[in-house]
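Asker: Quick one, what's the 3D model for this:
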Amino acid sequence: MFDDISALTLARAQFAFTVSFHFIFPAFSIGLASYLAVLEALWLRTKNEVYLNLFKYWLKIFALAFAMGVVSGITMSYQFGTNWSVFSDKAGPIIGPLMAYEVMTAFFLEAGFLGVMLFGMNRVGPKLHFMATLAVAVGTFISAFWILSANSWMQTPRGFTMNDAGQFVPADWLAIIFNPSFPYRLVHTVLGAYLTTALVVGAVGAWHLLKDKTNAGARVMFNMAMGLVAVAAPIQIFAGDMHGLNTLEHQPAKVMAMEGHFESHPDGAPLILFGIPDQKAGEVRAQIAIPKASSLILKHDLDAPLAGLDTVPREDWPPVPIVFWSFRIMVGLGMLMLGLGAFSVLARVRRSLYDWPLLHRFALVMGPAGFVAVLAGWVTTEVGRQPFTVYGLLRTAHSAAPLDAPAVAASLLAFVIVYFVVFSAGTGYILKLMSHAPHPGEPGLEESPGQPVRTAGITPAPGIHHAAEGDAS
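Answerer: Predicted coordinates:
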């Protein structure tokens, strides 16, 4: 059954499936943790109950997204030892410590304060609870820092030497951590996470505004989300351009694949908007292009020469069609985000932010766009690095464990079944939570509607309970 599919192909498919499934949850929880910190800070400052209700509303959703992100990430670490044991042996002296730093700093910080954040609103006091929320938000950022540092080192390896066993051995940890692509990748990814969250929050707000434009919670969340989209989308486009220029310098073959440049252009390269890349023939068929625009974007000169994949050995070409289209999906959605932000600014000028159904429907449709964009960007980055795991130094074909195809296929099939059953249920429950509009007296995770909070095993009398709520607010 698996005679025509190699173990390497199945191992790559398995890791691609699990990392894609995993990536959508941190992309949401990183931004949502910061949003929760902002909501709680606004509540502490203004004493406006709307912010507290929104905090409790989104806290339930954050708890589920965070849990699914942790669970989906565990399986990837096992694959380093099963499907990619050769890579783990050769790159382990560098990748291993970076992963350990993530656990010792970010994960310990998140785990240490997550329980207080989720269940301590009525137990530790508002200010201490805010510090716990802030610690979790900072922890998610630190986690992204270390994970992206490790991935960026694989893209632009620096600060290492090779020992007699063929292992990458650290020589300069600062050069390893702050490798050439890391700052650009960190900014671009974190901004993507914030935009992903803003689009989800904006879509939920738009959904409830379409049903009741007077809902205070929906108005606040939509206002905040559209404000972030309007500010972050143009910054993200600029950051993406800077990231692209950095990639051109350090991974030119990836940019050639992104642009669809099979041939070199000595007098200015065209910007291919659409087309059908044919890797075997080495051309983009039926292309729609703007003459010399690619040289203008990448070199800021219409006549600047740009090398093509004809200058790269064929065995070092990435899968061009995948990179070509994933890049265009990411950029196209980025342009739509920019349009949504501009549309919301126009609505503010017209004083119709909460009364313009066309804007609300646009925001609702754009709700999943952040997830698709970050996945498309991740595909562009990872597939564009092929055929290497450590760019230019360690090939993917030389990184896999010596496993038979049926063994890898069986685990891949198990992952697919379990992931779709478990995470479909979790995602469905998140959507159910989002379908209910935020309302006054929104219950927290530690309380049920109409029931008093249990503190240290003691249930206070109704009068004491309501007095405590008044003090907390």
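
Asker: Can you show me the strands along the stretch 201-350 of the chain?
Answerer: 271-278, 283-290 (DSSP state E, counting those that start in this stretch).

Asker: Flag the shaky bits of the protein, pLDDT-wise.
Answerer: Low-confidence regions of the chain, defined by pLDDT under 70, span residues 1-4, 446-473.

Asker: coming back round to it: what's the closest of the strands of the stretch 201-350 of the chain to residue 354?
Answerer: Relative to residue 354, the nearest member of those by CB to CB is strand 271-278, separated by 36.2 Å. All C-beta atoms are positioned from the backbone trio N, CA, C, and that covers glycine.

Asker: residues of that closest one that come out buried?
Answerer: Of all the residues in strand 271-278, those buried under the rule 16 or more other CB atoms under 10 Å are 271, 272, 275, 277.

Asker: Packing partners of whichever strand or helix holds residue 417?
Answerer: Secondary structure assigned from DSSP states H and E places residue 417 in helix 405-435. Helix 405-435 is packed against helix 7-46, helix 49-82, helix 182-211, with contacts defined by 3 or more CB pairs under 8 Å, 6 or more residues apart in numbering; DSSP states H and E.

Asker: Turn these into TSV, including distance to residue 247 and mean neighbour count.
Answerer: Putting those into TSV (distance: least, CB to CB, whole Å; neighbours: other CB atoms under 10 Å) gives the following:
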stretch	distance to residue 247	mean neighbour count
helix 7-46	19	21
helix 49-82	24	19
helix 182-211	8	23
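
Asker: tell me how far stretch 333-350 is from the chain's mean position?
Answerer: Relative to its chain's centre, stretch 333-350 lies at 22 Å (CA atoms, centre = their mean, to the nearest Å).

Asker: got the CA coordinates for that stretch in PDB?
Answerer: Taking C-alpha atoms only, stretch 333-350 is exported to PDB below (Å, rounded to 0.1, in the frame of the first residue of the first chain):
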ATOM      1  CA  LEU A 333      -4.900  38.200   2.900                       C
ATOM      2  CA  GLY A 334      -2.500  40.900   4.200                       C
ATOM      3  CA  MET A 335      -3.900  43.300   1.600                       C
ATOM      4  CA  LEU A 336      -7.500  42.400   2.700                       C
ATOM      5  CA  MET A 337      -6.500  43.100   6.400                       C
ATOM      6  CA  LEU A 338      -5.200  46.500   5.300                       C
ATOM      7  CA  GLY A 339      -8.500  47.100   3.500                       C
ATOM      8  CA  LEU A 340     -10.500  46.100   6.500                       C
ATOM      9  CA  GLY A 341      -8.400  48.500   8.700                       C
ATOM     10  CA  ALA A 342      -8.900  51.300   6.200                       C
ATOM     11  CA  PHE A 343     -12.600  50.600   6.000                       C
ATOM     12  CA  SER A 344     -12.900  50.800   9.800                       C
ATOM     13  CA  VAL A 345     -11.100  54.100   9.900                       C
ATOM     14  CA  LEU A 346     -13.600  55.400   7.300                       C
ATOM     15  CA  ALA A 347     -16.400  54.200   9.600                       C
ATOM     16  CA  ARG A 348     -14.900  56.100  12.500                       C
ATOM     17  CA  VAL A 349     -14.700  59.300  10.500                       C
ATOM     18  CA  ARG A 350     -18.400  58.800   9.500                       C
END
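
Asker: Show residues contacting it.
Answerer: Applying CB atoms under 8 Å, 6 or more residues apart in numbering, the contact partners of stretch 333-350 are 195, 199, 202, 226-227, 229-234, 236-237, 240, 353, 356, 359, 362-363, 366, 369-370, 372-373, 376.

Asker: Next, the buried residues of it.
Answerer: Residues of stretch 333-350 classed as buried under the neighbour-count rule (16+ other CB under 10 Å) are 333, 334, 336, 337, 338, 340, 341, 343, 344, 345, 347.

Asker: that older thread, what's the closest of the buried residues of strand 271-278 to residue 64?
Answerer: Distances from residue 64 to the buried residues of strand 271-278, taken by CB to CB, are shortest for residue 277, at 39.1 Å.
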